[in-house]
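A.B. asks: No letters, just coordinates:
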Ligand SMILES: O=C(O)[C@H]1O[C@H](OP(=O)(O)OP(=O)(O)OC[C@H]2O[C@@H](n3ccc(=O)[nH]c3=O)[C@H](O)[C@@H]2O)[C@H](O)[C@@H](O)[C@@H]1O
C-alpha cells in the first residue's frame with residue numbers, strides 16, 4: 001500500500017492499478033488525512049509563534065526592567081532593615097520628592113527601615129530628584145525607580161519585604177498645572193493610588209498607610225480656620241478633585257479590606273530641597289535673575305494668602321502619624337475587623353499674604369523684586385488657606401515651630417549654596 005506521502009506526491013504517476021470504488025475511497029481518505037496534517041501543521045505553527053511572542057515579551061521585561069534579581073533583592077532588604085526596637089519598615093513612595101526625601105532621612109536616622117520608590121518624572125528638573133536620591137543613598141536608603149502603576153514591581157517589593165507601613169507621597173502635585181496636563185493627575189493620584197492600595201490590601205500582613213492629601217480639598221470653603229469636619233465637596237481645581245477622590249478611595253479600602261488609613265492635608269509646604277514649581281522657589285530664582293515675578297491678586301484687589309508650613313514641621317507630622325497609625329486588620333484581601341481611618345490638617349496656623357512672602361524673600365536675598373500684580377486667573381487657585389491643627393495636636397502632639405521668616409531664611413541659604421551662588425554677593 002502506498003504511503004500517504006506517495007499518495008500526495010506520487011513519484012511515478014499511474015504506478016498503481018486500483019479499481020474506481022477503491023480509488024474514490026482512497027481519494028477521500030487522502031484528502032481527510034491531508035486536511036488533518038495541515039491542521040496539525042497550522043496548530044504547531046501558531047503554538048510556536050505564541051511561545052516566541054511570550055519569550056520576546058518576558059525577555060524584554062528582563063532586559064529593560066531596572067529591578068529584579070538576587071542582588072537587587074538583597075539591596076532592598078538591607079535598605080528595609082530595622083535598627084531599633086519596635087521600629088518600622090516603611091515603603092516611601094515619592095522618596096526622591098521634596099517631602100519624601102526629608103521624611104525618609106528622618107525615619108532612617110531614628111532606626112527605621114526605609115525603601116523608596118520614585119518614577120523620577122520630568123514635571124520639574126529630575127536632576128534635583130537625583131540629587132535628593134544621592135543624599136538618601138549615602139544614608140543607606142535605596143530608591144527604586146518605578147511607577148505606582150507597575151503592579152508587578154509593587155508586588156515584588158512586598159514579596160521581598162513585609163512592610164509595616166507605607167508612606168505614600170508620590171503624586172502629581174501643583175494646582176495650576178492640572179489645566180495643562182489633566183491626564184497626569186488621573187494617572188498618579190487616582191490610578192496610581194488604586195494600584196498601590198490593591199497591593200497593600202492583598203499583602204499579608206497588610207501595612208498601615210499614611211498618605212499625602214492636600215489643603216486644596218477645602219476648595220471654596222469659607223470657614224476659617226479650616227477644620228477636618230468642614231465641607232470638602234467643592235474643589236476648585238482638578239488637582240484638588242483628585243486629592244479629594246483619594247480620600248474617598250482610601251475610605252473604601254479601609255471599609256472593605258481593613259486597611260489602616262491616615263490622610264494628611266498638607267498646607268503649602270516649603271523649605272530647603274523644595275519644589276521648583278512652587279511660588280516661593282520660582283520667585284527666588286526670578287528675583288536673583290532680575291526677572292519680573294507675577295503676583296496674583298483676588299477679587300476686590302484682595303491679596304491671596306497661604307498657611308505656609310515649614311518642611312521640618314511637616315516631617316514631625318508625618319512621623320507622628322506613622323507612630324499612631326494603628327494596625328491594618330485584614331490580610332490577604334480579607335478584612336478581620338475595623339481599622340483606623342483618619343484625616344489631619346498639617347499646617348502652620350498663621351496665613352501670610354503672598355506680597356509679604358515676597359518682602360521676606362527680598363530681605364533675605366537683599367534684592368528688590370520686579371513685581372507685576374495681576375488678577376487671579378480662573379486656574380484653580382483659592383483666595384486663602386488657614387489650618388486648624390487641633391486634631392493633629394491632640395492625636396500626636398503636632399506643633400509647628402517655624403515661622404515664615406525663619407523658614408525662608410533657611411530656604412534661601414540652601415538655594416544659594418545648591419545653585420552655586422556666593423551668598424556674600426547676594427546677602
Ligand atoms: O497646600 C496645598 O495643598 C498645596 O500647596 C501648594 O499649592 P499652592 O498653595 O498653590 O502653592 P504655590 O504654587 O506655591 O502658590 C502659593 C501662592 O502664590 C500664588 N502665586 C503662585 C505663582 C505665581 O506665579 N504667582 C503667585 O502669586 C498662588 O496664587 C498662591 O496663592 C502645592 O503646590 C500643592 O501641591 C499643595 O497641595
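C.D. replies: That came in fine, so what should we check first? These numbers were taken from a predicted model, which means no experiment stands behind them.
A.B. asks: I'd like to know how far the closest residue to residue 341 other than its chain neighbours sits from residue 209.
C.D. replies: Leaving aside its sequence neighbours, residue 341 sits nearest to residue 254 (Cβ to Cβ, 6 or more residues apart in numbering; 4.3 Å). Any C-beta I mention is one placed from the backbone N, CA and C, and that applies to glycine too. Distance of residue 254 to residue 209, computed by Cβ to Cβ, to the nearest Å: 9 Å.
A.B. asks: now residue 251
C.D. replies: 12 Å.
A.B. asks: more crowded one of the two?
C.D. replies: residue 209 (28 against 15; other Cβ atoms under 10 Å).
A.B. asks: hmm, back to that, who touches both of residue 251 and residue 209?
C.D. replies: Residues touching both residue 251 and residue 209 (Cβ atoms under 8 Å, 6 or more residues apart in numbering): residue 261.
A.B. asks: In terms of pLDDT, where does whatever residue of the stretch 1-150 of the chain ends up closest to the ligand sit?
C.D. replies: Relative to the ligand, the nearest point of the stretch 1-150 of the chain is residue 98 (9.5 Å; Cβ to the nearest ligand atom). Turning to residue 98, the model gives it a pLDDT of 98.
A.B. asks: so which helix or strand takes in residue 90?
C.D. replies: strand 89-93 (DSSP states H and E).
A.B. asks: What strand or helix carries the closest residue to residue 399 other than its chain neighbours?
C.D. replies: Closest residue to residue 399 in three dimensions, ignoring its sequence neighbours and counting by Cβ to Cβ, 6+ apart: residue 393, at 6.3 Å. According to DSSP H and E, residue 393 maps onto helix 390-396.
A.B. asks: nearest residue to residue 421 other than its sequence neighbours?
C.D. replies: Among residues not flanking residue 421 along the chain, residue 288 sits closest, at 7.0 Å (Cβ to Cβ, 6+ apart).
A.B. asks: any idea how far the one you found lies from the ligand?
C.D. replies: 15 Å (Cβ to the nearest ligand atom, to the nearest Å).
A.B. asks: Quick check: that residue touching residue 367?
C.D. replies: Yes - look at residue 288 against residue 367 with Cβ atoms under 8 Å: they come within range, at 6.9 Å.
A.B. asks: of the two, who's got more company?
C.D. replies: residue 288 (18 against 15).
A.B. asks: per-residue confidence at residue 299?
C.D. replies: In this prediction residue 299 is given a pLDDT of 88.
A.B. asks: And the one 4 residues further on, by the same measure?
C.D. replies: pLDDT recorded at residue 303 is 97.
A.B. asks: what bridges to it?
C.D. replies: On the basis of DSSP bridges, residue 303 is bridged to residue 297.
A.B. asks: you'd agree it is up against residue 357?
C.D. replies: No - between residue 303 and residue 357 there is no contact under Cβ under 8 Å: 10.1 Å.
A.B. asks: before we move on, the earlier item: so who does the residue nearest to residue 341 touch?
C.D. replies: Counting by Cβ under 8 Å, 6+ apart, residue 254 touches 260-261, 339-341.
A.B. asks: and what of residue 247?
C.D. replies: 213, 217, 232, 263, 343.
A.B. asks: Tell me which residues touch the second one, please.
C.D. replies: Contacts of residue 217 were listed using Cβ under 8 Å, 6+ apart, and they are 232, 235, 240, 243-244, 247, 265.
A.B. asks: Would you map the strands across this structure?
C.D. replies: For the chain, the strands defined by DSSP state E occupy 89-93, 113-118, 142-145, 165-168, 208-214, 261-266, 269-270, 292-297, 305-306, 309-310, 341-346, 352-353, 370-375.
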